[in-house]
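Peer 1: One predicted model, sequence on top.
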Amino acid sequence: MGFGDLKSASGLSVLNDFLSARSYIEGFVPSQADVAVFDSISSPPPADLCHALRWYNHIKSYSSQKSSLPGVKKPLGQYGPAGVADSTNNSAAKEEDDDDDIDLFGSDEEEDGEAARLKEQRLAEYAAKKAKKPALIAKSSLLLDVKPWDDETDMSKLEECVRSIVMDGLVWGQSKLVPVGYGIKKLQISCVVEDDKVGTDILEEQITAFEDFVQSMDVAAFNKI
């Protein structure tokens, strides 16, 4: 696995495709995985790689906090999609994989069959009990106004950049262009968010990170569902 050479256009393209369906390199919060990949990029991705650029600008905002982000930084070749070679880290990753194959201690005992059966039974009973009590998920419906710089801004590309933002608990809805004067139109787009996972502050931060297209973002309407 890996991204290849992240200082090349091909490596950045792989990164952009990888981030088209996720907000971070691993998990749902910034971590040392993002730091490892970020540190391997020499300059911001170009505007046409909107997923990679959105992620780059977001992780850049944590520059003073990188060491405090969770997780353990691994070799670059251990991140990214499967099947992409990373010549700088393949040997180190292989050595770590070889080490993982060595069982220094082994297991001298097998789990008792009756204990295993009881464990599975209790887990099944617990799962059934939890299933009867569905958790109430608080959601909100938002209507966002995204304003471009001028009447020459490519609004199709602006909307593509906005919709490229993928987060757990975020679902984009319908959109339209609304005239604001002097030939300028703003993008008005709706979305539904899970309150515990997505806040308007992080939405604004990620949308305005596309600074080549976006001048500002405002919340036009906010309703609890």
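Peer 2: Thanks, I have the structure now.

Peer 1: just checking, what packs against the helix or strand where Tyr56 lies?
Peer 2: Assigned by DSSP states H and E, Tyr56 falls within helix 50-60. The contact analysis (3 or more C-beta pairs under 8 Å, 6 or more residues apart in numbering; DSSP states H and E) places helix 50-60 against helix 9-18, helix 32-38, helix 155-163, helix 200-208. No exception for glycine: its C-beta is placed from N, CA and C like everyone else's.

Peer 1: Contacts for that helix, please.
Peer 2: By C-beta atoms under 8 Å, 6 or more residues apart in numbering, the surrounding residues in contact with helix 50-60 are 12, 15-17, 19-20, 23-24, 30, 34-35, 38, 41, 44-47, 157, 160-161, 164-165, 205-206, 209-211.

Peer 1: One more: stretch 156-174?
Peer 2: Against stretch 156-174 from outside (C-beta under 8 Å, 6+ apart): 19-23, 28, 50-51, 54, 146, 148, 175, 187, 189-194, 196-198, 202-203, 206-207, 210, 213-214.

Peer 1: Pull the distance from it to the chain's centre.
Peer 2: When distances are taken as C-alpha atoms, centre = their mean, to the nearest Å, stretch 156-174 is centred 12 Å away from the chain's centroid.

Peer 1: Could you do stretch 193-213 as well?
Peer 2: Worked out by C-alpha atoms, centre = their mean, stretch 193-213 lies 12 Å from the chain centre.

Peer 1: Show the end-to-end separation of that stretch, please.
Peer 2: Stretch 193-213 has an end-to-end distance of 24 Å (criterion: C-alpha to C-alpha, to the nearest Å).

Peer 1: ok, back up a step: from the contacts of helix 50-60, list the buried ones, please.
Peer 2: 12, 15-16, 19, 23-24, 30, 34-35, 38, 41, 45, 157, 161, 164-165, 206, 209-210 (16 or more other C-beta atoms under 10 Å).

Peer 1: all strands for this structure, in order.
Peer 2: For the chain, applying DSSP state E gives strands covering 139-148, 170-181, 184-194, 214-224.

Peer 1: Which strands border the first one, and is each parallel or antiparallel?
Peer 2: Neighbouring strands of strand 139-148 in its sheet, by DSSP bridges, are strand 184-194 (antiparallel), strand 214-224 (antiparallel).

Peer 1: and those, which is most packed in?
Peer 2: Scoring the strands paired with strand 139-148 by mean neighbour count under mean count of other C-beta atoms under 10 Å gives strand 184-194 as the most buried, with a mean of 19.

Peer 1: what comes into contact with that strand?
Peer 2: Residues contacting strand 184-194 (C-beta under 8 Å, 6+ apart): 137-148, 150-151, 155, 158-159, 162-163, 168-180, 199, 203, 220, 225.

Peer 1: ok so, going back, nearest to Pro81, of the strands of the chain?
Peer 2: Pro81 sits nearest to strand 170-181 of all the strands of the chain, at 22.4 Å, using C-beta to C-beta.

Peer 1: Please export the C-alpha coordinates of that closest one as CSV.
Peer 2: The C-alpha trace of strand 170-181 is given here as CSV (Å, rounded to 0.1, in the frame of the first residue of the first chain):
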residue,chain,number,x,y,z
LEU,A,170,-22.7,14.7,7.0
VAL,A,171,-25.1,14.3,4.0
TRP,A,172,-25.3,16.9,1.3
GLY,A,173,-28.7,17.8,-0.2
GLN,A,174,-30.0,20.0,-2.9
SER,A,175,-28.4,23.2,-4.1
LYS,A,176,-29.1,26.2,-6.3
LEU,A,177,-27.4,29.4,-7.5
VAL,A,178,-29.0,32.6,-6.1
PRO,A,179,-28.2,36.1,-7.6
VAL,A,180,-26.7,38.6,-5.2
GLY,A,181,-26.0,41.4,-7.6
